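Asker: model this:
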Amino acid sequence: MDPDDSDPDNVYQAAKAFGFSERFEDSEGVQQEEARFRGEADWAPADELEDESDLSDIDVELNSDDEVFGDGNEKNRGDAGNNNQPSSGARKQQIKPLNPVQKIHAISVHCTASPLRRKKMYELIKLLCKTPRAVIKSMSIRWNTILAELRRALELRAAYDQWVNTLDVGKSGRERRIAQALKSKLNMADREWDVASEIVAILGPFEDATLSFSKKGKVHLCDVLPTFAQLRTELHNSHNRLSKSYRPNQDPHGLLRAISHGQAKMEKYYNLNLKSDLPLIAAALHPGRRIDYFRDEQKWGGLMHRAQVLLEHLFDVYKEEVDNKEPTRHGSLADLKPPAAKLKRSWSDKLLETIPNEAIGQLDEELTRFFGNIYRYTPGTNVLKWWKDHEGEFPILSRIARDYLGIPATSVSVERLFSQCKLVMSDYRGMSIETARRIITCQHWLKAGLGANLPDFVSGAND
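Answerer: Here you go, the predicted model:
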């Protein structure tokens with residue numbers, strides 16, 4: 001959990017130590033820290049340091065010694081003439097304050113920089129926080145870790161404030177001046193905590209969408225258009241909410257500007273997906289949405305009619321293929337369902353009367369049932385399993401669903417493979433491509449529960 005930011009390889013290795021389809025708070029590293037916090041695991045041996053000598057990284061937190069000592073100590077720093085004329089870039093760096101995200105990260109790093117500090121911080125957490133939790137430190141290459149760090153800091157706000165407020169307690173002389181400078185640098189005002197809370201609220205839906213699209217064994221293509229629509233709404237609501245908090249031309253931390261840039265980027269890719277037939281077909285094939293999902297013309301325009309036309313066209317194409325390949329099988333498909341299906345079909349006829357579409361009666365009976373929202377979808381059901389279970393009622397549409405819903409919506413699986421190869425085929429490990437393939441394949445077999453057959457397929461790999 002403590003990667004060295006100066007070494008890209010270390011940061012990469014630390015980032016890849018966490019799972020892809022879980023919240024950062026649920027990752028193994030954080031859970032181990034929580035176990036130590038609860039006393040279920042041993043702490044590392046604490047450094048035997050007195051408070052006043054525990055300055056391992058305080059100086060690093062500051063931009064320069066000038067912030068601490070002022071002009072009276074130039075004689076200890078070489079040529080006074082040169083030091084009195086710092087470059088404009090250095091001067092700007094010295095006076096530039098930290099934003100709330102940077103402050104929270106600096107506090108998280110500072111309070112866990114040594115076993116002694118970590119122990120003191122956790123004593124504060126147990127004393128001041130309703131639900132004692134471990135401190136989380138983010139990694140710059142993973143935005144979700146920054147979100148987790150902010151979310152956890154908000155939970156532990158009382159302990160964070162107390163840590164900063166007591167930095168100079170028990171110190172004197174040089175150590176006290178350093179601690180006071182750091183205290184001034186890291187102090188979080190109420191409005192800064194509000195900014196952190198807003199960032200968590202803005203990024204929360206994006207994390208939920210990312211986790212959903214990162215899950216294995218789940219159909220994703222049918223969620224693309226609804227996800228874009230939902231995220232657009234979330235950004236719009238966030239922008240409206242913040243616009244009420246900040247007057248025009250007042251955006252101290254650039255949140256409104258950042259949201260505006262996000263909205264522009266979102267519109268670009270949302271419009272690209274609207275032009276594509278693939279996400280629309282997949283969304284319409286979701287049994288919980290179908291074409292009725294796009295009924296609101298103010299929100300979706302003419303997507304409902306377009307989705308129906310596309311499905312009717314695909315249905316005709318697939319039906320023609322089936323009729324050409326199996327001319328005698330089509331007539332028997334209607335008899336695959338037990339007699340109870342007739343009751344459902346009569347109920348579907350009753351429901352079809354409420355659909356304001358005069359042309360629906362002219363459609364194939366299979367399309368009529370599907371457009372009529374018969375055979376309801378239970379939330380939580382695997383989409384492909386639903387189509388498999390209702391293959392008898394929708395023999396042609398189930399073929400279309402199998403072909404279209406099986407298309408990956410993201411490159412997550414490919415990126416995972418590259419990441420695994422990076423960990424297996426390191427720069428210090430000579431290995432052929434075939435050896436790496438076998439190692440990664442074995443890992444997948446073991447995760448799939450094939451460990452009982454381990455001797456068989458390992459011995460077979462040597463043939």
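Asker: Which residues does stretch 272-292 contact?
Answerer: Counting by CB atoms under 8 Å, 6 or more residues apart in numbering, stretch 272-292 makes contact with 221-226, 228, 293-294, 303-304, 306-308, 310-311, 314, 370-371, 373, 375-377, 379, 383, 386-387, 390, 397, 400-401, 404-405, 407, 409, all of which sit outside it. Where C-beta positions appear, they are placed from N, C-alpha and C, glycine not excepted.
Asker: Can you flag the buried ones in the residues you listed?
Answerer: Among the contacts of stretch 272-292, the ones that count as buried by 16 or more other CB atoms under 10 Å are 221-225, 228, 293-294, 303-304, 306-308, 310-311, 314, 370-371, 373, 375, 383, 386-387, 390, 397, 400-401, 404-405, 409.
Asker: In helices, which of those appear?
Answerer: Among these, the ones falling in helices (DSSP state H) are 224-225, 228, 303-304, 306-308, 310-311, 314, 370-371, 383, 386-387, 397, 400-401, 404-405.
Asker: what number of residues lie near Q263?
Answerer: 17 (other CB atoms under 10 Å).
Asker: Hmm, I typed the wrong one, I wanted T435.
Answerer: Neighbours of T435 (other CB under 10 Å): 14.
Asker: Buried residues in the host helix or strand of it, which are they?
Answerer: Here T435 sits within helix 433-447, counting by DSSP states H and E. For helix 433-447, burial by neighbour count (16+ other CB under 10 Å) applies to I440.
Asker: what helices or strands is it leaning on?
Answerer: Secondary structure elements in contact with helix 433-447, counted by 3 or more CB pairs under 8 Å, 6 or more residues apart in numbering; DSSP states H and E, are helix 412-424, helix 454-460.
Asker: Can you show me the helices along the stretch 101-250 of the chain?
Answerer: Per DSSP state H, counting those that start in this stretch, the stretch 101-250 of the chain carries helices over the ranges 115-128, 143-155, 157-165, 173-186, 190-213, 224-245.
Asker: Mind checking the ones you listed for the one nearest to V30?
Answerer: With CB to CB as the criterion, V30 lies closest to helix 143-155 of the helices of the stretch 101-250 of the chain, at 7.9 Å.
Asker: Tell me the spacing between the residue lying closest to M188 once chain neighbours are set aside and A134.
Answerer: Spatially, and ignoring its direct neighbours in sequence, M188 is nearest to K103 (5.7 Å; CB to CB, 6 or more residues apart in numbering). K103 sits 19 Å away from A134, going by CB to CB, to the nearest Å.
Asker: and the closest residue to R295 other than its chain neighbours, what does it touch?
Answerer: Excluding the flanking residues, the one nearest R295 by CB to CB, 6+ apart is M304, at 5.5 Å. Shown in contact with M304 (CB under 8 Å, 6+ apart): 291-292, 294-295, 297.
Asker: Return a ChimeraX selection command for the buried portion of those.
Answerer: One line in ChimeraX is enough to select the buried ones among the contacts of M304; burial here means 16+ other CB under 10 Å:
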select :291,294
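Asker: Including distance to I259, could the contacts of M304 go into JSON lines?
Answerer: Conversion of these to JSON lines gives the following (distance: CB to CB, whole Å):
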{"residue": "I291", "distance to I259": "32"}
{"residue": "D292", "distance to I259": "32"}
{"residue": "F294", "distance to I259": "27"}
{"residue": "R295", "distance to I259": "29"}
{"residue": "E297", "distance to I259": "27"}
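Asker: Just put the contacts of M304 in TSV and tack on pLDDT.
Answerer: Conversion of the contacts of M304 to TSV gives the following (pLDDT from 0 to 100):
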residue	pLDDT
I291	92
D292	92
F294	93
R295	92
E297	90
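Asker: Which one of the contacts of M304 is nearest to L417?
Answerer: L417 lies nearest to F294 out of these, by CB to CB, at 35.0 Å.
Asker: Relative to R306, how far out is that closest one?
Answerer: In this view, F294 and R306 are 8 Å apart by CB to CB.
Asker: which sections of the stretch 101-250 of the chain are below the confidence cut-off?
Answerer: Counting by pLDDT under 70, the stretch 101-250 of the chain shows low-confidence ranges at 248.
Asker: cool, the stretch 301-450 of the chain as well?
Answerer: For the stretch 301-450 of the chain (pLDDT under 70), the answer is 326-363, 412-414, 416.
Asker: And for I281, the neighbour number?
Answerer: For I281, the neighbour count with other CB under 10 Å is 23.
Asker: which element is it on?
Answerer: helix 277-285.
Asker: which strands and helices sit next to the helix or strand that that helix is followed by?
Answerer: In the C-terminal direction, the helix or strand that comes right after helix 277-285 (DSSP H and E) is helix 297-300. When contacts are defined as 3+ CB pairs under 8 Å, 6+ apart, helix 297-300 packs onto no helix or strand at all.
Asker: Now do the buried residues in helix 297-300.
Answerer: For helix 297-300, burial by neighbour count (16+ other CB under 10 Å) applies to W300.
Asker: try stretch 147-162
Answerer: For stretch 147-162, by 16+ other CB under 10 Å, it's 147-153, 155-157, 159-161.
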